[in-house]
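Asks: Let me see the structure of the following:
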Amino acid sequence: LPASAGDDARIIIIGGWLGTGPLAASDMHVLDVSGGPENLRWFQPPVRGTPPGPCNMHSADFVSSRGEIYVFRGGNGREYLNDLHALDTHTYEWRRVETRGAIPQQRANHSSAVLEETSELFIFGGWNGKERLNDIHVLDTMTGTWTKPDVGGDKPYPRAGMTLTALRGRLYLFGGSGTSSKCFQDLQILDRKQMAWLNVMQAKDPTNSASSSSHSSSPASSSQHYYGSTDQQQTSGDDEMDTRGPIDGEVGSSTHGASVVDSDHLKRSDWRHNHHAPSTSGYGAASAANPNDEDVVPTVFVQGRGPGRRAGHTATAVHRRIFVFGGSCGSDYLNDFFVLDTDPVPAVSASRPASLQLFERRLRHFCNDEEFSDVTFLVEGRRVRGHRLVLSLVSDCFRAMFATYNVDGAGGGERTGFRESSSDSEIEIPNCSYEAFVTMLEYIYSGRAPEIGLMPSDAGSVVVGGGAGEGGRGIERRIERVVDVLELADQFFLEHLKQLCEQALCPTVNAETFEYLLQVAQKTNAMQLEGVCRHFQRNRDDMGNFVA
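Replies: Below you'll find the predicted structure:
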């Protein structure tokens, strides 16, 4: 209990199992913590009214609006119960709470929590002596009325020994034991406003560049929200895969981290672990919701490694954080400690494209485009638009051309080998095909290999410059187009483009082409192509019509 007017901060212990005897304890102890950790004091106050009696596997919640602790009794060591009692925290007086409506059935080892915003007491799950439960009951503490609401979303698996923690209009359910007493390690979130279980997913590691876009798949919403924790693994007793909670696997295995998408808020959460215990990990996968679907529940992606499988642990809300400690799974008792931050400081990142990325992405759209062009080339009588800065950055030949050639007509054409046309703003490129020149510019502006590849069948018989048949002339023309681009690449000092052309031509070296291609290689200083031609020349007696 927090400190309030006229009262000190206290921790109240009610009942519990003593380890021996037929019945649970029925006493009450109070720890005064108002003096700080160095001045703790236990005492047993005198009580009024009629206490609940022996209580075991029960739940107790402070209803601040009433100044009372509500105890849903659970069991007494012999039988399962569902009676409700209230303790006045000022006078230590007990009363039996009279209720009406859809009263929960008898159960023990359930979980409960009070939403301060609505003064509602929620009861979830538990064990009734025959089966585990996963139902929700809500008590309006102001009217004493029980309801069993129609809850949307995917229900958690039936379980007992879990925790239910209320915080900011939501209830956080973690862990518990299911079929064959195997433990869960899932986090489930019930949103009171929507009265629905949210989709809780384990997001991919944001440090992995291959998965950095995982947050883009989210339901139709006005904003994003980052929250809880879970993983997807197969459950005991069920063969299907589901995000509602794994129960198979090793004790102490834990989840690993990510983020959350919610339609109402922009937040984030992460697990922080204060115990270096070995663990295994699991990752879930989120899928985008159809924006045309009705009643789409928000999706929550998880960051950080959550607690391993357990039941009988504690989960306490302090401000925006939930502290999870201990518990057990089978015969293993745990003493590890985790913190779930439901509203951490939003991450700040630089995720938008950098200037060079934008430059690379957009530059190709300006190839042979009049917008912002400041130089025009005449090739075979056709105009090709360019940008001097772009061309100068890639080619030293273009740089020298623009440095020594006055586009306004002030001489210099003789020094560069290019002729000034009748228009003062145009540069004529002689001895060059229009197709090859545009191919070269497309390479410069896009950085992509031009589509100049030759088919493997082109390495067959072809006589360049000779009397080939119709098919041979087509192959010969494709080779000549690559040679045209190769000559331009050499002329304008584009070494990478030259190597791409060599890669395309080398497979066509054979008995009919090697002399021609050797001449081309020597003319254009294509050392790789020349090396392949020389290799063919040395070995042609052994290889015959071998395709290099």
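
Asks: From here on, just use CA atoms for contacts and neighbour counts.
Replies: Noted.

Asks: Could you point out the longest helix of the protein?
Replies: In the chain, with assignment by DSSP state H, the single longest helix is helix 470-491.

Asks: Show me what that one is packed up against.
Replies: helix 434-446, helix 495-505, helix 514-524 (3 or more CA pairs under 8 Å, 6 or more residues apart in numbering; DSSP states H and E).

Asks: Specify the angle between it and helix 434-446 in degrees.
Replies: 50 degrees (axes from the mean of the first three to the mean of the last three CA atoms, to 10 degrees).

Asks: burial count for the nearest residue to Met527 once chain neighbours are set aside?
Replies: Leaving aside its chain neighbours, Met527 sits nearest to Ala521 (6.7 Å; criterion: CA to CA, 6 or more residues apart in numbering). By other CA atoms under 10 Å, 22 other residues sit near Ala521.

Asks: Ala521: what's it in contact with?
Replies: Shown in contact with Ala521 (CA atoms under 8 Å, 6 or more residues apart in numbering): 527, 529-530.

Asks: any low-confidence regions in this protein?
Replies: Counting by pLDDT under 70, the chain shows low-confidence ranges at 3-7, 205-295, 405-425, 453-472, 543-548.

Asks: please redo it, this time with the cut-off set to 90
Replies: Applying pLDDT under 90 to the chain picks out residues 1-8, 18-23, 77, 179-181, 201-305, 343-347, 349, 402-426, 449-477, 540-548.

Asks: And the helices in it?
Replies: Counting by DSSP H, the helices of the chain are 355-363, 388-394, 396-404, 413-416, 434-446, 470-491, 495-505, 514-524, 527-543.

Asks: could I get those as TSV with distance to Met28?
Replies: What follows is those, written out as TSV (distance: least, CA to CA, whole Å):
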stretch	distance to Met28
helix 355-363	68
helix 388-394	83
helix 396-404	89
helix 413-416	101
helix 434-446	78
helix 470-491	91
helix 495-505	84
helix 514-524	97
helix 527-543	91
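
Asks: Tell me which of these approaches Lys130 most closely.
Replies: With CA to CA as the criterion, Lys130 lies closest to helix 355-363 of the helices of the chain, at 63.3 Å.

Asks: list the helices and strands the closest one packs on?
Replies: Counting contacts by 3+ CA pairs under 8 Å, 6+ apart, helix 355-363 is packed against helix 434-446.

Asks: and the helix it packs on with helix 495-505, angle?
Replies: Using the same axes, to 10 degrees: helix 434-446 against helix 495-505 is 130 degrees.

Asks: what's helix 434-446 in contact with?
Replies: 360, 363-368, 379-380, 382, 384, 390-391, 394, 448-450, 481, 484-485, 488-489, 497.

Asks: Narrow these to just the buried residues.
Replies: The neighbour-count test (16 or more other CA atoms under 10 Å) marks 364, 366-368, 379, 384, 391, 449-450, 481, 484-485, 488-489, 497 as buried among those.

Asks: pretty sure Arg100 is touching Thr141, no?
Replies: No - the criterion here is CA atoms under 8 Å, and Arg100 misses it with Thr141 at 11.2 Å.

Asks: So which of these two has more stuff around it?
Replies: Between Arg100 and Thr141, counted using other CA under 10 Å, the more crowded position is Thr141 (19 against 11).

Asks: Roughly how far does that one sit from Glu98?
Replies: 10 Å (CA to CA, to the nearest Å).

Asks: picking up where we left off before, turn the helices and strands packed on helix 470-491 into CSV, including distance to Val114.
Replies: Output for the helices and strands packed on helix 470-491, formatted as CSV (distance: least, CA to CA, whole Å):
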stretch, distance to Val114
helix 434-446, 62
helix 495-505, 69
helix 514-524, 83
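
Asks: I'd like to know which of the ones you listed lies nearest to Pro298.
Replies: For Pro298, the closest of the helices and strands packed on helix 470-491 is helix 434-446, at 41.5 Å, according to CA to CA.

Asks: neighbours around Leu378, how many?
Replies: Leu378: 18 neighbours (other CA under 10 Å).

Asks: ok, now Met401?
Replies: Neighbours of Met401 (other CA under 10 Å): 20.

Asks: residues near the nearest residue to Phe366 once chain neighbours are set aside, how many?
Replies: Distances taken as CA to CA, 6+ apart place Tyr445 nearest to Phe366, at 7.4 Å, with adjacent residues excluded. The number of residues packed near Tyr445 is 23, by other CA under 10 Å.

Asks: swap in Gly53?
Replies: Gly53 has 16 neighbouring residues, counting by other CA under 10 Å.

Asks: Burial check on the nearest residue to Cys397 once chain neighbours are set aside, number of neighbours?
Replies: When the adjacent residues along the chain are set aside, Cys397 lies closest to Phe492, with 5.0 Å between them (CA to CA, 6+ apart). Taking other CA under 10 Å as the criterion, the count of residues near Phe492 is 17.

Asks: just the one 3 residues further on next, same as before
Replies: The tally of other residues near Glu495 (other CA under 10 Å) stands at 15.

Asks: give the contact list for the spatially closest residue to it that is not a sequence neighbour.
Replies: In space, not counting the residues next to it along the chain, Glu495 is nearest to Ala489; the distance is 6.7 Å by CA to CA, 6+ apart. Counting by CA under 8 Å, 6+ apart, Ala489 touches 440, 495, 497-498.
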